[in-house]
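Visitor: Build me a model:
(one chain, ligands or ions: 2)
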Amino acid sequence: MELTKGAKLLIKTLEDHGFKAYAVGGFVRDNLLGKTLFDVDVTTSATPEQMLEVFKGFKVYLTGIKHGTITVNSLGEHIEVTTFRVDGSYKDNRHPDSVEFVSDLESDLARRDFTVNAMAFNGEELVDLYGGREDLKNRLIRAVGDPRKRFEEDALRILRGLRFASVLDFDIECETAVAMEEKAHLLKNVSVERLFTELSKLLVGRGVERVLTKYKKVIFEVIPELKLCDGFSQNTKFHSYDVYEHTVRSVALSEADKAVRWALLLHDIEKPSCYSVDGSGVGHFYGHQPKSAKTAVVILKRFKADNKLIKLCNDLIYLHDIKTEITRGEVKKLLNLYGVETLRKLALVKVGDGLAHAPEYADYRRSLAINFLNEVNDIVEKGECYLLKDLAVNGNDFKQLGFRGAEIKTALDNALSLVIKGEVLNEKSEILKRFER
Ligand code: ATP
Ligand code: MG
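Guide: Ligands and ions are numbered 1, 2, ... in the order given. A predicted model of the protein is given here:
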């Protein structure tokens, strides 16, 4: 394992002043997994005041000085340096009420969440008090100490554990997993922003299918609306999985994109409430798309997700079942209404959704989605017009033809519509010919 140049200099500087200093957490974990990382966190015996003294010649940012953290620019790397600390008492299963600085690394490692995150490295020596290395080898997430106690202190750790299991594609050690389910109800005390951050990372992880399946009880604590989908049989030849299984598979079989995966996680959430059976005993879910979009917006707002993601998921879910065997003109109309980013992601949503259908329909559905994506890309690459601003005429041209006031806007819209349908070339003379009076 090799430290970055900036971390080496920073740790050596602290050691030269008589302090202990180690890279810790994600950097050590991911390095031992063979990943090269540039984002180093350092832990040290120096107090914040002592750090400021030691790093006089460096550019320093007082990012979290109350909790003992400063950020140091070391050879261009922004490195977070934190004083060895233990957490004070925890009320209500979230942030500790206070932190206490200590002088030994051992106590600092003991407060960390998982064994794989509780190793320290100073360039020579790897300090691994909890068997983190062994757990890495066995691909296991295991709490440091008594998992029940640790999740009671800070329930966010439950979701962090699921996130690491998904991102690293690890299993969760048995006792830790049992404690996660047992303490999952405490997640209601954790801030929604922190839950959302962990869920978003979890969703794009390689192990997402296993985590959403095996630990669904925990997931239903944070998104209770999903629970109704669990075990809800679809009763149609197009589906061989219940609504929740289908949902999980669609997420796992889609591109690892945050918006695409959030949309897929929520795309059928109102299927249970829209269920009906026809005369031949076949199940239908009329209207579940707009209703699921609405519920998704409620859920994402509850998580205080950003407006862009909310809007995107709303559109993606609303549109997720639209027919894509449509004319090029109709694709351009969609481009006009929703924009290229949404339509590209819609194709990716349809790929995931399609692949999660019954096996005999999966490939066909995927190919329809890919054709749609290709058509969207082709229109954009060829620079074909689907927006007013790309039209070869503008309002002035219509004025000169004698159009006035609201007529101008109508004429422009009609011209765009003709161009989109391919009935007129996007050339000034051709368009104006059609509108001469
Ligand atoms: P990544 O940066 O890839 O998300 P990371 O392991 O660096 O992973 P951070 O959230 O940056 O995760 O936290 C850095 C380290 O701080 C962790 O590795 C862990 O040792 C410790 N840590 C973070 N959050 C908690 C927590 N809620 N409880 C206990 N320890 C934590
Ligand atoms: Mg980190």
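Visitor: going forward, measure contacts and count neighbours with C-alpha atoms only.
Guide: Will do.
Visitor: which of the residues in the helix or strand residue 397 falls within are buried?
Guide: Using DSSP states H and E, residue 397 sits within helix 395-400. Along helix 395-400, these residues count as buried under the neighbour rule (16 or more other CA atoms under 10 Å): residue 398.
Visitor: Now do the same for residue 271: its pLDDT.
Guide: At residue 271, the predicted lDDT confidence score is 95.
Visitor: contacting residues for it?
Guide: If you count contacts by CA atoms under 8 Å, 6 or more residues apart in numbering, residue 271 has them with 229, 243, 285, 288, 292.
Visitor: Okay, and the closest residue to residue 69 other than its chain neighbours sits in which element?
Guide: What sits nearest to residue 69 in space, not counting adjacent residues and going by CA to CA, 6 or more residues apart in numbering, is residue 82, at 4.2 Å. Using DSSP H and E, residue 82 maps to strand 77-83.
Visitor: Just checking: what are the partner strands of that strand?
Guide: strand 41-44 (parallel), strand 69-74 (antiparallel) (DSSP bridges).
Visitor: deepest of those, which one?
Guide: Highest mean neighbour count among those (mean count of other CA atoms under 10 Å): strand 41-44, with a mean of 25.
Visitor: And the contacts of that strand?
Guide: So strand 41-44 is contacted by 7, 11, 14, 19-27, 79-84, 105 (CA under 8 Å, 6+ apart).
Visitor: 6 Å - rerun?
Guide: 20-24, 79-84 (CA atoms under 6 Å, 6 or more residues apart in numbering).
Visitor: can you give me phi and psi for the closest residue to ligand 1 within the stretch 251-400 of the chain?
Guide: In the stretch 251-400 of the chain, the residue that lies nearest ligand 1 is residue 258 (15.4 Å; CA to the nearest ligand atom). Backbone torsions for residue 258, taken as degrees, to the nearest 10, come to phi -60, psi -50.
Visitor: so what's it up against?
Guide: Contacts of residue 258 (CA under 6 Å, 6+ apart): none.
Visitor: now it: how far from residue 5?
Guide: Residue 258 is 32 Å from residue 5, where distance means CA to CA, to the nearest Å.
Visitor: check whether the strand holding residue 82 contacts ligand 1.
Guide: No: legend: contact between strand 77-83 and ligand 1 by CA under 6 Å from any ligand atom is lacking; minimum distance shown is 9.8 Å.
Visitor: Run through who's touching stretch 68-88.
Guide: Contacts of stretch 68-88 (CA under 6 Å, 6+ apart): 6, 40-48, 59-64, 96-102, 108.
Visitor: Show me which of those residues are buried.
Guide: 6, 40-48, 60-61, 101-102, 108.
Visitor: Skipping adjacent residues, who's closest to the residue most central in space within the chain in space?
Guide: Centroid-nearest residue in the chain: residue 200, 3.1 Å away (criterion: CA atoms, centre = their mean). Among residues not flanking residue 200 along the chain, residue 258 sits closest, at 6.4 Å (CA to CA, 6+ apart).
Visitor: can you give me the helices in the stretch 201-350 of the chain?
Guide: For the stretch 201-350 of the chain, applying DSSP state H, counting those that start in this stretch gives helices covering 208-214, 216-222, 243-252, 258-266, 288-302, 307-319, 328-338, 340-355.
Visitor: right, I mislabeled it, should have said the stretch 51-200 of the chain
Guide: 105-110, 132-137, 147-153, 156-167, 174-183, 192-203.
Visitor: circling back: hmm, which of the contacts of strand 41-44 are the buried ones?
Guide: 20-24, 79-84.
Visitor: Pipe the residues you listed into a markdown table and attach pLDDT per row.
Guide: Shown next, in a markdown table, are the buried ones among the contacts of strand 41-44 (pLDDT from 0 to 100):
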| residue | pLDDT |
| --- | --- |
| 20 | 97 |
| 21 | 98 |
| 22 | 98 |
| 23 | 97 |
| 24 | 97 |
| 79 | 97 |
| 80 | 96 |
| 81 | 97 |
| 82 | 96 |
| 83 | 96 |
| 84 | 96 |
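Visitor: Could you measure from the closest residue to residue 343 other than its chain neighbours over to residue 295?
Guide: Closest residue in space to residue 343, ignoring its immediate chain neighbours: residue 335 at 6.9 Å, by CA to CA, 6+ apart. Residue 335 sits 25 Å away from residue 295, going by CA to CA.
Visitor: Now render the contacts of residue 271 as JSON lines, adding pLDDT, distance to ligand 1 and neighbour count.
Guide: Putting the contacts of residue 271 into JSON lines (pLDDT from 0 to 100; distance: CA to the nearest ligand atom, whole Å; neighbours: other CA atoms under 10 Å) gives the following:
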{"residue": "229", "pLDDT": "97", "distance to ligand 1": "30", "neighbour count": "21"}
{"residue": "243", "pLDDT": "97", "distance to ligand 1": "31", "neighbour count": "23"}
{"residue": "285", "pLDDT": "91", "distance to ligand 1": "39", "neighbour count": "16"}
{"residue": "288", "pLDDT": "95", "distance to ligand 1": "35", "neighbour count": "22"}
{"residue": "292", "pLDDT": "98", "distance to ligand 1": "30", "neighbour count": "23"}
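Visitor: Fine by me, we can end here.
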